[in-house]
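> here is my input, please return the structure:
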Amino acid sequence: MSTARFDVAVVGSGIVGLGAALAAHRRGQRVVVIERGSEASGASVRNFGHLCFTPQAGLAREFALTSRELWLGLALDAGVWLRDSGTLVAARRDDEFAVLSDLAGTRGAEVELLTAAEAEARMPLAPGSAVGGAFLPRDLQANPRQAVTALAAHLEREGVEFRRRTAVGAVRPGRVETSRGPIDVGRVIVAVNHDIDQLYPEVAERHGIVRCALDMMRVSAELRMPLAAPLLTGWSLVRYGAFSATPAAAALRERLHSERPDLAALDLNQMYTRLPDGTLIVGDTHSRGATVAPFQAEFAFESLAAETRSLFGIDELRVVERWQGVYASGPEDFLMEEVEPGVHLVAATTGIGMTTGLGLAEHVVAGFSGEPVFARDSSAFAPAPTITLQKGAS
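Predicted coordinates:
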């Protein structure tokens with residue numbers, strides 16, 4: 001292939017890469033997306049599809065607020081399936097409800113506390129198991145497998161060029177060397193998530209970025225009512241930034257780890273999302289290392305299934321699929337570095353890429369486009385545009 005000239009080349013077609021292509025294209029740039037596979041198959045399609053804006057804190061919250069507006073726009077422009085569901089949080093012990101109460105005290109209308117009776121009426125939990133709960137009305141849900149495909153197709157219709165089944169061997173200022181020939185370019189955005197060490201091993205080592213492997217599965221189960229929104233549990237409350245920063249979170253973490261060291265060893269985040277076909281995504285566990293072994297212990301899946309049966313008070317469930325998720329993990333939430341003039345490395349280095357990735361990409365592209373990058377007012381969410389979303393259970 002002969003040398004081609006673009007304003008922006010994006011390496012990787014996960015949600016951050018597609019977000020960067022979207023941001024650059026909307027600024028009138030000629031964009032090419034380079035993807036080593038025939039389609040995206042990494043972290044962006046292996047997740048819950050939970051767009052959990054309210055549980056974020058700090059910079060992640062700023063990016064989440066921008067992402068929310070972009071997701072809502074893409075539901076209209078790109079045909080991305082979104083459910084205007086909010087998030088449900090089950091509190092089965094008083095210390096879990098204490099965390100929710102702490103957050104409600106600082107976030108106002110973003111957190112609606114539920115009594116035990118209200119929680120039981122809105123969530124398909126085992127009867128009598130809830131002491132309360134919460135509803136986070138600003139959160140959304142996507143279907144990750146559909147969302148990434150729909151966004152890529154939209155960008156292609158808009159004139160963004162895709163070079164699939166094309167490997168990148170080296171990136172230099174002004175040029176990307178690929179298995180199909182060189183590409184001359186003004187700027188390069190490298191958005192390859194956990195594979196950053198394949199192109200920039202010294203950057204990955206300097207930032208402490210490794211791979212995080214997840215055990216996840218999709219199940220069919222007869223619940224006493226449909227799950228109307230993504231559902232978080234006590235294990236989720238010690239993971240997400242806004243929850244874990246509350247005064248009550250430390251005592252909750254200590255209790256969970258002392259009562260269930262087996263689940264703590266799995267680094268569990270027990271949560272659920274319901275797909276349009278009625279099946280549930282169940283997960284997830286976490287293990288980290290420079291290399292992810294392809295071997296998944298059955299104990300992890302047995303634990304996920306057992307906790308699911310206990311939470312919902314059911315005897316049986318049928319496993320439809322199992323898979324291993326992988327994402328970049330580091331001590332900070334994000335990697336944003338211009339390693340050479342015009343070469344930008346960008347990644348969400350925790351498991352919140354679907355929630356924050358579009359906002360992260362917008363921030364980076366706005367920065368090198370010479371636009372002022374202002375901190376957003378995170379005290380409130382902008383109103384949603386007038387579009388038709390799936391409401392509640394589908």
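> ok, residue 110 - contacts?
The neighbours of residue 110, taking C-beta atoms under 8 Å, 6 or more residues apart in numbering as the test, are 54, 136-138, 381. Where C-beta positions appear, they are placed from N, C-alpha and C, glycine not excepted.
> could I get these as JSON lines with distance to residue 305, secondary structure and pLDDT?
Formatted as JSON lines, the contacts of residue 110 follow (distance: C-beta to C-beta, whole Å; DSSP: H, G, I helix; E, B strand; the rest coil; pLDDT from 0 to 100):
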{"residue": "54", "distance to residue 305": "29", "secondary structure": "coil", "pLDDT": "97"}
{"residue": "136", "distance to residue 305": "26", "secondary structure": "strand", "pLDDT": "98"}
{"residue": "137", "distance to residue 305": "30", "secondary structure": "coil", "pLDDT": "97"}
{"residue": "138", "distance to residue 305": "31", "secondary structure": "coil", "pLDDT": "96"}
{"residue": "381", "distance to residue 305": "36", "secondary structure": "coil", "pLDDT": "54"}
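> which of these sit farthest apart?
For the contacts of residue 110, the maximum inter-member distance is 10.9 Å, found between 136 and 381 (C-beta to C-beta).
> more crowded one of the two?
More crowded of residue 136 and residue 381, by other C-beta atoms under 10 Å: residue 136, with 25 against 17.
> the stretch 201-350 of the chain: strands as residue ranges?
Under the criterion DSSP state E, counting those that start in this stretch, strands of the stretch 201-350 of the chain are mapped to 210-220, 231-232, 271-274, 280-283, 287-289, 318-329, 334-340, 343-348.
> may I see the ones you listed arranged in TSV, with mean neighbour count and mean pLDDT as well?
Shown next, in TSV, are those (neighbours: other C-beta atoms under 10 Å; pLDDT from 0 to 100):
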stretch	mean neighbour count	mean pLDDT
strand 210-220	20	97
strand 231-232	26	98
strand 271-274	24	97
strand 280-283	24	96
strand 287-289	14	95
strand 318-329	17	96
strand 334-340	17	96
strand 343-348	26	98
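> could you dump these to a markdown table with distance to residue 77?
Formatted as a markdown table, the strands of the stretch 201-350 of the chain follow (distance: least, C-beta to C-beta, whole Å):
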| stretch | distance to residue 77 |
| --- | --- |
| strand 210-220 | 28 |
| strand 231-232 | 29 |
| strand 271-274 | 23 |
| strand 280-283 | 26 |
| strand 287-289 | 37 |
| strand 318-329 | 27 |
| strand 334-340 | 25 |
| strand 343-348 | 22 |
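> neighbours of residue 341, how many?
Neighbours around residue 341, by other C-beta under 10 Å: 9.
> ditto for residue 102
When neighbours are counted by other C-beta under 10 Å, residue 102 registers 19.
> likewise for residue 131?
Neighbourhood size, residue 131 [other C-beta under 10 Å]: 16.
> before we move on, what about residue 202?
The local packing of residue 202 (other C-beta under 10 Å) involves 9 other residues.
> go on, the one 5 residues further on?
The local packing of residue 207 (other C-beta under 10 Å) involves 19 other residues.
> show me what contacts it?
330-332, 335, 337, 349.
> and what of residue 100?
89, 91, 111, 113, 132-134, 237.
> what strand or helix carries it?
If you go by DSSP states H and E, residue 100 is part of helix 94-107.
> what's the first helix or strand after that helix?
With elements assigned by DSSP H and E, the helix or strand that comes after helix 94-107 is strand 112-115.
> for that next one, packing partners?
Here strand 112-115 touches helix 94-107, strand 132-136, going by 3 or more C-beta pairs under 8 Å, 6 or more residues apart in numbering; DSSP states H and E.
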